[in-house]
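**Q** Predicted model and sequence below, questions to follow.
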Amino acid sequence: MRKPVVAIVGRPNVGKSTLFNRLIRKRKAIVGDLPGITRDRNYAVTEFDQCPFILVDTGGFVPDSQDPIMKQMMEQVQLAVEEADCILLILDAKEGLNPMDREIHDLLRKKNKTVLPVVNKVDGAKQEGAVYDFYELGADRLFAVSAEHGIGIHDLMEEIVRSFPQGEPGGEEAFTRISVIGRPNAGKSTLINALIGENRLITSEVPGTTRDTIDTLFEYQGESYLLIDTAGIRQKSKITHRVETYSVIMVLKSIERSDICLILIDAAKGVTEQDLRVAGLAHEADKASILLVNKWDLVKKQINQKQFLEDLRFQLKFMDYAPVLFVSALTGEQLKKIFPVIQEVKRSYDRRVTTAKVNQALQQAVSNHEPPYYRRSRIKFFYGTQIETAPPTFVLFVNAPAGVHFSYRRYISNQIRSRLDFPHVPIRVFLKKRK
């Protein structure tokens, strides 16, 4: 099931980022410290009452601005609003109701979505009295909060979760869900059309859980697949420069619904910062991924494939498990290799091994490279077990989890991956103190 999206909207300097940080319970708005994604610190996955959702902090909302930078920011705000299930309209209690607040509120009301007016900076009795002025907007309920001090946040979070759609159409569990992601103009639509065209056994086209997308259900060699088509971003109205617009939200929503991500990289452009960002999002979500170097037919006579692969692996070293294929969606070159690799990756992603095999691999790893000392005692690994699949997830019981250095954690993870034969998928390894 996909995670709902909550967008934080409002005019500049009303405290959107402060509220964002408060809601994700972190000082910095950041998804992960991976190469290529550290600059985009305006989105995060958070949860309340065991209900996870995607929170998006938009830029300052200035509807009629002619400033080029502001117009570009407005495109991102509109994309966030288009994709959101719930919108938080942030208002400033200290400044009072502003004409721009009314304009933004009127625009949001036309979206036919849940809009929660949040009056921020309610830090004292004076601001509490000013909250009532905002009822001029015609809202049934206002949420008075202080993002800085954490006042009113619990009630707001309860209402956010209450507003989410209850349940989604089932049945997708029987299919392998594949999303094609990548930066604009990498060839996503061409690849989708090629895959569907090559595998004519299409059973149906069904509306996706995200608006303006079409999911295609088809079969290949007796296996059912649901192809999540995210190309709908290019069809949205009221968004200029549609092909060039990059939406983190669209990618996040596609990734959340996927079992496997096909990450497209334009061979002619090489690995770009946006490629790193997209790959980082899939990696952070622990999704199985396949890297497709598209448009290889255009450059294969000028570029050495081995050197390109080495450069790719170096730049995407955090995703060294992902298989790489050199393809051409336009000519069909090497496309027939995609589904066999998908099947292999999916088997590995869903695979479960016995506790006996986990402990055998753990003992061999510890025997070959002993754990370090911590507070004058050597760290001891007692036993481990696999607790989940998709991705394969392991818990290892140890006497002092805090003393296991990052480098040794990585060593253990790599040993489990290689010894238990999980070569092409992400794995998660958690350390737990044995009681």
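**A** On my side now, so go ahead. Remember, it's a predicted structure, so these values are computed and weren't measured experimentally.
**Q** Contacts for stretch 14-28 next, please.
**A** Outside stretch 14-28, the residues within contact range by Cβ atoms under 8 Å, 6 or more residues apart in numbering are 8-10, 29, 41-42, 44, 46, 55, 57-58, 60, 88, 90-92, 95, 118, 120-121, 145, 147-148, 150, 153, 157. Quick note: C-beta positions are derived from backbone N, CA and C, even for glycine.
**Q** Could you list the low-pLDDT ranges of the stretch 1-150 of the chain?
**A** Scanning the stretch 1-150 of the chain for pLDDT under 70 picks out the ranges 1, 26-41, 59-65, 67-73, 76.
**Q** residue boundaries of the helices in it?
**A** Remark: helices assigned in the stretch 1-150 of the chain by DSSP state H, counting those that start in this stretch are 16-23, 68-83, 99-109, 125-130.
**Q** still on that earlier bit, which of the contacts of stretch 14-28 fall in strands?
**A** 8-9, 44, 46, 55, 57, 88, 90-92, 118, 120 (DSSP state E).
**Q** Using CSV, please lay out those residues together with neighbour count and distance to residue 102.
**A** Below are those laid out as CSV (neighbours: other Cβ atoms under 10 Å; distance: Cβ to Cβ, whole Å):
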residue, neighbour count, distance to residue 102
8, 23, 19
9, 27, 14
44, 22, 30
46, 17, 30
55, 24, 25
57, 23, 22
88, 29, 17
90, 29, 14
91, 29, 10
92, 21, 13
118, 28, 16
120, 27, 17
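**Q** Give the rounded mean pLDDT of the helix or strand in which residue 314 is found.
**A** Following DSSP states H and E, one finds residue 314 within helix 305-315. Average pLDDT, helix 305-315: 96.
**Q** partners of the helix or strand following it in the sheet?
**A** Downstream of helix 305-315, the first helix or strand assigned by DSSP H and E is strand 324-326. Sheet pairing of strand 324-326 (DSSP bridges) gives strand 288-294 (parallel).
**Q** Report the rounded mean pLDDT for whichever helix or strand comes after the partner strand.
**A** Remark: after strand 288-294, the chain's next helix or strand is helix 296-299, criterion DSSP H and E. Across helix 296-299, the average pLDDT comes to 96.
**Q** now for helix 296-299, which elements pack on it?
**A** Here helix 296-299 touches no other helix or strand, going by 3 or more Cβ pairs under 8 Å, 6 or more residues apart in numbering; DSSP states H and E.
**Q** In it, which residues are buried?
**A** 296-297, 299 (16 or more other Cβ atoms under 10 Å).
**Q** of those residues, closest to residue 281?
**A** Lowest distance from residue 281 to the buried residues of helix 296-299 (Cβ to Cβ) belongs to residue 296, with 23.8 Å.
**Q** Tell me the spacing between the closest one and residue 315.
**A** Separation of residue 296 from residue 315 (Cβ to Cβ, to the nearest Å): 17 Å.
**Q** So which of the helices of the stretch 1-150 of the chain is nearest residue 320?
**A** Per Cβ to Cβ, nearest to residue 320 of those: helix 68-83, 31.2 Å.
**Q** any idea how far the residue lying farthest from the centre of the chain is from residue 370?
**A** Relative to the C-alpha centroid of the chain, counting by Cα atoms, centre = their mean, residue 376 is the outermost residue, at 41.3 Å. Residue 376 sits at a distance of 15 Å from residue 370 (criterion: Cβ to Cβ).
**Q** And for residue 378?
**A** Applying Cβ to Cβ to residue 378 and residue 370 gives a distance of 7 Å.
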